[in-house]
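J.: turn this into a model:
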Amino acid sequence: MKKMVREPEINPKKGTFGTSISFDLDETPAPQRRAGKKEAIIEENLLAVDSFEISCPGCGHELEEEEWLDALVGFVSGAHDFEIGNPVRARIVQTLKNEASRMLTPSAREEWELAVVKRLMSEIERVVQAEINRNKNENNGSSPELLEREREELIRATEAHVRQTMAYEIQEQLIIELQPQMEAQIRVQLEQEMWAQFEQEWKNRTQS
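T.: Numbers count the residues shown, from 1 in each chain. Coordinates of the predicted model:
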């Protein structure tokens, strides 16, 4: 009885290794068990649940909608300031890094972040262009100078809205960060004033 043997051999024409295989005809092959219908249904259900639980379109990590929107706002705000030449605020960058560190992103994280920023910026440009086209249809026959001025006004209004939103966000963050420090300082100041009043009152009573 011969068994299956796999031996490497050198091909003299190409200089590469080939393979010769002999088979054991007497040995019967082991039966292969087919997957049942129940297993296939369970696997389909698991895939359906996994796809339903995916929230992040970039990495597939389950993420709250509010956290994801905050991350996107950080992307857009930082990218917008960078595009128009303004310094990118350090807090936006830090918030973005903190949010990205909690997500299961691919190994090429920087390329993925840049791709997301590019897609978001293109989406903003598309929305602005759609608004311009709508105004153009409403004001058909206007001069190109007027359309360009409307476009600039729309861009300025968008920038003002973004800056106002960021200002409120920074203000709330400052309140959260400074409130414990201010409370501690006020507590120390009140204790010193009350202690000074107590000492003065004690002196007045001892002298009288």
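J.: contacts, neighbours, all on C-alpha from now
T.: OK.
J.: remind me what whichever helix or strand residue 172 is part of packs against, helices and strands.
T.: Element membership of residue 172 [criterion: DSSP states H and E] is helix 144-207. Contacts defined by 3 or more CA pairs under 8 Å, 6 or more residues apart in numbering; DSSP states H and E place helix 144-207 against helix 109-138.
J.: what about the helix it packs on, average pLDDT?
T.: Per-residue pLDDT over helix 109-138 has a mean of 67.
J.: could you do stretch 154-162 as well?
T.: 71.
J.: again, but for stretch 191-203
T.: The pLDDT scores in stretch 191-203 average 85.
J.: just the C-alphas of it, formatted as PDB.
T.: Output of stretch 191-203 as PDB, limited to C-alpha atoms (Å, rounded to 0.1, in the frame of the first residue of the first chain):
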ATOM      1  CA  GLU A 191     -11.500  80.900  55.500                       C
ATOM      2  CA  GLN A 192      -8.800  83.600  55.800                       C
ATOM      3  CA  GLU A 193     -11.300  86.400  56.200                       C
ATOM      4  CA  MET A 194     -13.400  84.500  58.700                       C
ATOM      5  CA  TRP A 195     -10.300  83.600  60.700                       C
ATOM      6  CA  ALA A 196      -9.200  87.300  60.700                       C
ATOM      7  CA  GLN A 197     -12.600  88.400  61.900                       C
ATOM      8  CA  PHE A 198     -12.500  85.700  64.600                       C
ATOM      9  CA  GLU A 199      -9.100  86.900  65.800                       C
ATOM     10  CA  GLN A 200     -10.200  90.500  65.800                       C
ATOM     11  CA  GLU A 201     -13.300  89.700  67.800                       C
ATOM     12  CA  TRP A 202     -11.300  87.700  70.300                       C
ATOM     13  CA  LYS A 203      -8.900  90.600  70.800                       C
END
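J.: which residues are contacting that stretch?
T.: Where contact means CA atoms under 8 Å, 6 or more residues apart in numbering, no residue beyond stretch 191-203 reaches it.
J.: any figure for the gap between residue 192 and residue 198?
T.: According to CA to CA, to the nearest Å, residue 192 stands 10 Å off from residue 198.
J.: next one: residue 68
T.: Counting by CA to CA, the gap from residue 68 to residue 198 is 54 Å.
J.: between the two, which one's more packed in?
T.: residue 68 (17 against 12; other CA atoms under 10 Å).
J.: give me the pLDDT for that one.
T.: pLDDT for residue 68: 70.
J.: then residue 208?
T.: pLDDT for residue 208: 69.
J.: and what of residue 181?
T.: pLDDT, read off for residue 181, is 76.
J.: how many residues are close by it?
T.: By the measure other CA under 10 Å, the count of residues near residue 181 is 11.
J.: my reading is that residue 62 lies in a helix. Confirm?
T.: No. Residue 62: not assigned to a helix; according to DSSP: H, G, I helix; E, B strand; the rest coil it is coil.
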